[in-house]
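Q: the following comprises the amino acid sequence and a computationally predicted model.
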Amino acid sequence: MSQTIPNASKFFAIARERYNIKLRRDSGQPWPWTTDTHFQTWRFTNIFREDDKTTRWFRENVRDPLSNFITDRPISDNTRIKLVESTMIFRWFNKIATGEIIKDLLLGEWNSREACNRLQKVDVVFTGAYIIIGKPYMPKLDGVLEAIDDARPYLPKMVPHFGPTLEGTWDLLKTIPYIGGFTAHEIVQDLRYTPILENASDIMTWGNLGPGAVRGISWLVYGHGDGFTGSATQQKHMLGLMAELLEMSKDPTNWPAEWPPWEMHQVEFLLCETAKYFRAYNGHRQKRRYSQ
């Protein structure tokens, strides 16, 4: 398979089975859609982020309507700024139920005070999938809304520089207070499917290796999750290994030719899920159980 990535075959086996689960479910087959007990027990994201429920909701209700506005009308910085702003705000919550409550504010004029009035009595406002950070020393909702209000003024000068690369956009977003690398990456992956980043030159070459992806590539190379530390030097090496996996995805024995092709993001995304899978395989409890 690969001299540099000894467990690459397992990586693609995990990917194929996860995608087959989606296909079986979509075709109307009954649960469990797989005989793999780890997939039956724990929650794993889809191979393609665009297939995940939260991203589908955001795409259909906010991202595509705003993108179509950019496409159908004369392009101006303001329309692009609104699309970036709404993407940033939604990913600060990353929850469909919250999105439904503030949808008109995402599509129209944002108003944090109005958002606070609507959300302050809602039991669960934020995603449990990743850590949400707002301004400290205040209730979480207030801290996030203040962070949003502080972030919005950065966009008019920043957004015109978005576009040439995913990585460059990610670097700019990280300069906004309280937006870390993970959240910035979420925003970039949404914008990749909009007129802002759809022609970025590094779609096939760049990925952000967060802690989960680092553990995943460690499993594939070393057989355990602690082989790489994620240092700057190692990031470059791991990106080379990711490029090798991306090239291997073109082999139909690894990924059927009739299925959608991968970009670098699929490699990064699946490495996180691979780390979760190997932890489950070795008997470790995972964060989220699967429920139908």
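A: Nice, I can see it.

Q: got a pLDDT number for residue 36?
A: Residue 36 is assigned 93 on the pLDDT scale.

Q: now do the contacts for it.
A: residue 17 (Cβ atoms under 8 Å, 6 or more residues apart in numbering). The way it works is simple: take the backbone N, C-alpha and C, and place the C-beta from them, glycine included.

Q: roughly how far apart are it and residue 274?
A: 14 Å (Cβ to Cβ, to the nearest Å).

Q: got it, and residue 166?
A: Taken as Cβ to Cβ, the span from residue 166 to residue 274 is 22 Å.

Q: re the thing from before, what do residue 36 and residue 274 both touch?
A: In contact with both residue 36 and residue 274: no residue, using Cβ under 8 Å, 6+ apart.

Q: can you check the pLDDT for residue 74?
A: Residue 74 carries a pLDDT score of 57 in this model.

Q: other SSEs contacting the helix or strand hosting residue 84?
A: Applying DSSP states H and E as the criterion places residue 84 in helix 77-93. Packing partners of helix 77-93 (3 or more Cβ pairs under 8 Å, 6 or more residues apart in numbering; DSSP states H and E): helix 64-72, helix 96-107, helix 140-151, helix 155-158, helix 181-191.

Q: how about a cut-off of 6 Å?
A: helix 64-72, helix 155-158, helix 181-191 (3 or more Cβ pairs under 6 Å, 6 or more residues apart in numbering; DSSP states H and E).

Q: and this structure, what are its domains?
A: 8-47+205-281, 51-191 (automatic domain parsing).

Q: now the terminal residues of the last one, how far apart.
A: Between the start and the finish of domain 51-191 there is a gap of 15 Å, counting by Cα to Cα, to the nearest Å.

Q: now it: how far from the chain's centre is it?
A: Distance, stretch centre to chain centre, for domain 51-191: 13 Å (Cα atoms, centre = their mean, to the nearest Å).

Q: spatially central residue for the chain, please.
A: What sits nearest the mean C-alpha location of the chain, by Cα atoms, centre = their mean, is residue 186, with 4.4 Å.

Q: do I have it right that that residue meets residue 91?
A: Yes. The pair residue 186 and residue 91 qualifies as a contact (Cβ atoms under 6 Å) at a distance of 4.5 Å.

Q: reformat the domains of the chain as JSON lines; add distance to residue 288.
A: Formatted as JSON lines, those follow (distance: least, Cβ to Cβ, whole Å):
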{"stretch": "domain 8-47+205-281", "distance to residue 288": "4"}
{"stretch": "domain 51-191", "distance to residue 288": "7"}
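
Q: out of the ones you listed, which is closest to residue 197?
A: With Cβ to Cβ, the closest approach to residue 197 among the domains of the chain belongs to domain 51-191: 4.4 Å.

Q: the nearest residue in space to residue 5 that is not next to it in sequence - how many residues pack around it?
A: Distances taken as Cβ to Cβ, 6 or more residues apart in numbering place residue 220 nearest to residue 5, at 5.1 Å, with adjacent residues excluded. Neighbour count of residue 220, defined by other Cβ atoms under 10 Å: 23.

Q: before we move on, what about the one 3 residues further on?
A: Here the neighbour count serves as a burial measure; for residue 223 (other Cβ under 10 Å) it reads 11.

Q: how close does the nearest residue to it once chain neighbours are set aside get to residue 13?
A: Excluding the flanking residues, the one nearest residue 223 by Cβ to Cβ, 6+ apart is residue 7, at 6.7 Å. Residue 7 sits 10 Å away from residue 13, going by Cβ to Cβ.

Q: so these two - more neighbours on which side?
A: residue 7 (19 against 14).

Q: the more buried one against residue 220, yeah?
A: Yes. The pair residue 7 and residue 220 passes the contact test of Cβ under 6 Å, sitting 4.4 Å apart.

Q: any weak-confidence spans in the stretch 1-150 of the chain?
A: Scanning the stretch 1-150 of the chain for pLDDT under 70 picks out 1, 71-77.
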